[in-house]
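[1] Generate coordinates for the sequence data below:
(chains A and B)
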Amino acid sequence: MYKEYKQLNLSQTGKEILEFWKQNNIFEKSISSRPANNPYTFYEGPPSANGMPGIHHVMARSIKDIFCRYKTLKGYQVKRKGGWDTHGLPIELAVEKALGITKDDIGKKITVKEYNDACRKEVMRYTDVWNDLTEKMGYWVDLNDPYITYKNEYIESLWWILKQLYDKDLLYKGYTVQPYSPKSGTGLSSHELNQPGTYKMVKDTTIVAQFKVKRDQDSAFLFEGVTADLFILAWTTTPWTLPSNCALAVGENITYVKVNTFNPYTFEPICVVLAKDLVKKYFKAEGESASFEDYKGGDKVIPWTLLAEFKGSQLLGIHYEQLMPYVTNADLEKNAFRVIPADFVTTEDGTGIVHTASVFGADDFRACKENDVPSVMVKDENGKEVPLVNKQGRFVDEVTDFAGYYVKEEYYSDAERAEKDFKPTDVLISIKLKTENKAFDVKKYEHSYPHSWRSDEPILYYPLDSWFIRTTAVKDKMVALNKTINWKPESTGTGRFGNWLENLVDWNLSRSRYWGTPLPIWRCDYFSKGFQREICVGSIEELKEKGVYFYFDEAKAFFQKESVEDIIAFLEIDNPDQTDYLDIEEYKMLIDKGILELKHFIQNCPKRDVLVKKYSCTIEEYFKNEKMGMDLHRPYVDNIILSKEYDGVLQYYVREPDLIDVWFDSGAMPYAQWHFPFENKEEFKNAYPADFIAEGVDQTRGWFFTLHAIAVMLSECSDEVKAVNEEVGNGGVAFKNVISNGLVLDKNGNKMSKRLGNGVDPFETIEQFGADAPRWYMISNASPWDNLKFNTEGIDEVRRKFFGTLYNTYSFFVLYANIDKFSYSEAEIEISKRPEIDRWIISLLNTLTLEVDGFYADFEPTKAARAIQEFVDAHFSNWFIRLSRRRFWRSDNSDDKLSAYQTLYTCLITISKLMSPIAPFFADRLYNDLNGVTGKEEFESVHLAYFPTYHKELVDTDLEERMKLAQDVSSLVLSLRKKIGINVRQPLSKILLPILDKDFKVHVEQVKELILSETNIKDIEYITDTAGFIKKKIKPNFKALGQKVGKDMKAVAEAISNFTQEDIAELDANGSIGVLDNKYLIVDTDVDIIAEDVPGWQVANMGKLTVALDVTITNELKQEGIARELINRIQNLRKEKGLEVTDKINVSISDHPYIGEAVKNNLSYICAEVLAAGIVLDSELNEGDLVTIDENEILIVISKI
RNA sequence: GGAAAUAUAGCUCAAUGGUCAGAGCAGCACCCUUAUACGGUGUCGGUUAAAGGUUCAAUCCCUUUUAUUUCCA
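    Reported below is the predicted structural model:
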């Protein structure tokens, strides 16, 4: 017996199927049942488990799940290793919030160890919730053995990768301009800059400076008609950056002008260049007409006159004299102090020309780099290049006039600022420039400027050390390989991602945080030349071998406690000199201040060897002593020092304190998830590269990028990876196909956010609807890469329309299959021997199979879902089953009935497979409810079955066409019935079909019976136009005509539309007719001719199809109509009284003249329809149910026999 | 500021270089059904965001603009 259900309950179904999967390990079997040598690789982008999952995760994971399940159906072994992203800022911030601390407190109020322990706990906080969702939504991913990015093994793989890059010089330390707080001596992250209260209004001294143009070939055109010195004007709100000026930036499309005037401070005649739009800002209108000859220094109105205008692009390359020539060199003279283009230049403020100091602005830095402009730098005592402002925020000595001056007023103490003669540096610079004829305009200007939220003083944009990955070195390969990746949608790959690759800059890897993968680089700064100053550690083994754990705190405590003499003795210094004492003294002082760094401690200590020896142990010993496992995180790794012998002397290396960007963690997952290359080399090879990945479009420059970048770089610089690539035939990508899905918005198109409270709880949704309906809704509603406006009503619609319909088709099948004990045990009836309608639905089913297969293969799940939905609803349920119902009622066991069962069953089981990737629960229920009874297939679950095979030979397009014809004719007839008000129960004698081509009649004849029964018509007649009374309509076929007549289309179309019935007849007869005085010969393929009307008949048209209906109702037809009405009433009563469809009945009805005769004349028909043994016409009947037929009331009594 | 996507009926989405731009939902009216208010028939609803251009012909191709969203500065 097939299972019967009272009603569709997707939520319940979901729970039961979930339990079934668990009990029977269906997921495991879906992998183990597929051959290992036929892998399909999917990479799970690791979610971070420190936040609750939202409904958008259901979307993203449904997409992943669909293709994994699909590929399983296609026979691939699809392993899906889960993963967790466990490092990074969000976790640190969550911990800081929970503990009520800030980043500054780490290492003070709380130790790094305690802090990182808290992070480790925090990061897996919602794991259970995530696992629960994963399970409930039916996302199959291996949660038992996930990769976790904070594990030692994972980090070791990262280190290995970094070493590969390092060895090929793709990892380097360089500069980047970052917000920097001189007082706290640290950089600020962009997140810190986004804290409220950071931006404050301040009044700064601003200068429009005059940059004197050098006269040479490039600038010659500018000097035309110029008699005075020629200057370019540039504005700055940070005068202290002027000594570092190295370029002037213009907008290439901005219009600039040349103006003759006088300097307002020196009164010298000058000619200046600035943006045309800003002229009125600096020059008074009355000055334009003022006389140059009459001008005297100090006059309020300064004369000026416009000389010429030109585009920014013309100014490019022009050299000017350095404004404040404190520091220069040959390189600067040649390549700096010139005009460069920049896209950030506007004419909103200033002069439309931007003073550019490469080291003090991120935009400046980038613009200078792009244009190969060197920076104005000096060498410090270590020979290292540093900017003109030091880390305390003071000018260096080379800036002689201002050496040691703080660049920002706020950095001075209050006392200093209160002194009478105190002047801010910006003002001093202004004064100097004014006297040198270099300042055009000096003003106070109020604007908002970021402040450090720690110390409340203005920040500097300052170049800081950072570690970079030289991604630019492999840019071309990354661009080229990107073109081999199949992006869905394509535009994300070519546009968003492609453009990003085209403008690639080196990857800034450094993060000054605590909870993350430590940068495995140890440095020794002791010698400056001729010495290998860095060690990049590529494995734990290497670390243990070269490194020792140094008990820094204990050593400090010792130095603190003991006297200098004792320490000298401890260090076994036999003949201490004065510096040794001083060094130890300094240590003690620095320890007191709490600022002694390990680096300094080790590298400057006399007799370092002794110190290290006495206060260190092997790494293994350390962790053993601590009674804990090895941990590569801070703070442990910070206290590991490496040593290497050089010329017989041991040198010590201290780790660079940076962590690496968490994106590197996830981008390295193809390797690190397997602990490659230390373990699992086979697993890695079998799962590289990914065939398919999917994440949100916001990952384009995140995970998608880091995966790609790391893969391409390793394909260049790792022999192991190269070998694998060669073996698996990979050009160097990490993934071959990628879907970047859009966002899930609320139903009004707003972003879901906690603040607005418009988020949708995935658990509630699944509890209410099960997982299938939301999944189907999200997939079928819009393509994954479009944003989805999530509306719960939409889920309900999907439930009713799609799942409801499908459920009903199953219920229908079960209702009769259980009665007839159909279990598919009979031999298969050959398809060719089945009736027209069976062959038709089988044909469509095969077409559908092919289509859906193609859509899945093409990563178009939406099209797949829509095709399935359309098939189920329009064809399967509302045509095939609707028209086949009577075949199941028949009591005999004919071949026709068997054929109907077999066909229906095949459709259902096939649908269950086709839909299973998207709606895994319902599909499995459907499959097992059917297959569990018939045992036709040996699979326990639809997810272990194989994708249906497409049988080309079963597709009959002719048949599909004529069934379409039947549907259209039926639709037209029903439409006509509606129009004239004759309902379907009233039989009518015939319809009339005009024949327009030869095949038409043959086609209709084959589906004639279906049309007749569907529309309750007795016969179809055909007429040809030879009868002459069909009115025809002719329409031009524009596509065909377009090529032929071109520009004359309008006239030709007009002529054709004006054809008379005779013209049409002539065209029909001759096959052609001339138009526009026979300029063109119109043949029958140039036009569409339809029969528009049959005079005297009720006529309806649809495209080329025309149907005429005979509305005459004879007495006989009327009686049959009454009989049908009666049948309908009796059937309703049967249902009302809860009779089974197989119950036989006796019927008595009151003898009414209107009804009686109709009953007598159609007695056997009525009895057969309602399963009545007989019908008694009883004029005495005074009880029973009152029914109305055509306003005649009668009583009916039915009784079960 | 840059890049990308989207814009079609009240809502969610289709379609096409060709002359009636379609479905579904929602609303209204009627109808059918021993699988099911599932559906059917009709009705209501559109300057295909705006403006230009290419073309015999543009909702579709091109340009500009506007709006929304995302990513990056």
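[2] how distant is stretch A:1117-1133 from the center of its chain?
    In terms of Cα atoms, centre = their mean, to the nearest Å, the gap separating the centre of stretch A:1117-1133 from the centre of its chain is 59 Å.
[3] And stretch A:130-149, by the same measure?
    20 Å.
[4] Could I get the buried residue list for it?
    A:130, A:133-141, A:143, A:146-149 (16 or more other Cβ atoms under 10 Å). Bear in mind the C-beta positions are built from the backbone N, C-alpha and C, glycine included.
[5] I'd like to know which of those residues is nearest to residue A:940.
    Lowest distance from residue A:940 to the buried residues of stretch A:130-149 (Cβ to Cβ) belongs to residue A:140, with 15.1 Å.
[6] and the closest one, what does it touch?
    A:27, A:30, A:65, A:68, A:69, A:80, A:920 (Cβ atoms under 8 Å, 6 or more residues apart in numbering).
[7] you'd agree the fifth one is up against residue A:917?
    Going back to what we said before, that points to residue A:69. Yes. Contact criterion Cβ atoms under 8 Å: residue A:69 and residue A:917 qualify, at 4.0 Å.
[8] returning to that earlier point: from the buried residues of stretch A:130-149, which one has the minimum pLDDT?
    Ranked by pLDDT, those bottom out at residue A:143 (89).
[9] can you tell me which residues contact that one?
    Per Cβ under 8 Å, 6+ apart, neighbours of residue A:143: A:82, A:131, A:134.
[10] mind listing the helices for the stretch 701-850 of chain A?
    With DSSP state H, counting those that start in this stretch, the ranges of helices along the stretch 701-850 of chain A come out as A:703-717, A:719-728, A:762-769, A:772-781, A:792-798, A:805-820, A:836-857.
[11] Kindly present those helices as CSV, with separate columns for mean neighbour count and mean pLDDT.
    Formatted as CSV, the helices of the stretch 701-850 of chain A follow (neighbours: other Cβ atoms under 10 Å; pLDDT from 0 to 100):
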stretch, mean neighbour count, mean pLDDT
helix A:703-717, 24, 92
helix A:719-728, 15, 94
helix A:762-769, 18, 90
helix A:772-781, 26, 91
helix A:792-798, 17, 86
helix A:805-820, 19, 90
helix A:836-857, 21, 92
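[12] Need these in TSV (columns: distance to RNA strand B).
    Formatted as TSV, the helices of the stretch 701-850 of chain A follow (distance: least, Cβ to the nearest atom of the strand, whole Å):
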stretch	distance to RNA strand B
helix A:703-717	9
helix A:719-728	27
helix A:762-769	16
helix A:772-781	4
helix A:792-798	5
helix A:805-820	3
helix A:836-857	12
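[13] Next, format those helices as JSON lines and append distance to residue A:871.
    What follows is the helices of the stretch 701-850 of chain A, written out as JSON lines (distance: least, Cβ to Cβ, whole Å):
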{"stretch": "helix A:703-717", "distance to residue A:871": "35"}
{"stretch": "helix A:719-728", "distance to residue A:871": "38"}
{"stretch": "helix A:762-769", "distance to residue A:871": "22"}
{"stretch": "helix A:772-781", "distance to residue A:871": "13"}
{"stretch": "helix A:792-798", "distance to residue A:871": "15"}
{"stretch": "helix A:805-820", "distance to residue A:871": "10"}
{"stretch": "helix A:836-857", "distance to residue A:871": "5"}
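[14] circling back: residue A:69 and residue A:917: which has the busier surroundings?
    Shown here are residue A:69 and residue A:917; by other Cβ atoms under 10 Å, residue A:917 has more neighbours (28 against 23).
[15] Spit out the contact partners of that one.
    A:65, A:66, A:67, A:69, A:70, A:73, A:856, A:861, A:864.
[16] how about the nearest residue to the second one, chain neighbours excluded?
    The reference is to residue A:66. Spatially, and ignoring its direct neighbours in sequence, residue A:66 is nearest to residue A:917 (4.4 Å; Cβ to Cβ, 6 or more residues apart in numbering).
[17] now swap in residue A:48 and tell me
    residue A:85 (4.5 Å).
[18] Now do the same for residue A:82: helix, strand or coil?
    Three-state assignment for residue A:82 (DSSP: H, G, I helix; E, B strand; the rest coil): strand.
[19] Next: residue A:437.
    Reduced to three states by three-state DSSP, residue A:437 is coil.
[20] can you pull the contacts of the closest residue to it other than its chain neighbours?
    Computed as Cβ to Cβ, 6+ apart, the closest residue to residue A:437 that is not its neighbour in sequence is residue A:266, at 4.4 Å. The contact partners of residue A:266, taken as Cβ under 8 Å, 6+ apart, are A:434, A:435, A:437.
[21] The last one and residue A:263 touch, don't they?
    Same thing as residue A:437. Yes. Between residue A:437 and residue A:263 a contact is recorded at 5.6 Å, counting by Cβ under 8 Å.
[22] Which one's more surrounded, these two?
    Taking other Cβ under 10 Å, residue A:437 and residue A:263 do not tie; residue A:263 has more neighbours (22 against 17).
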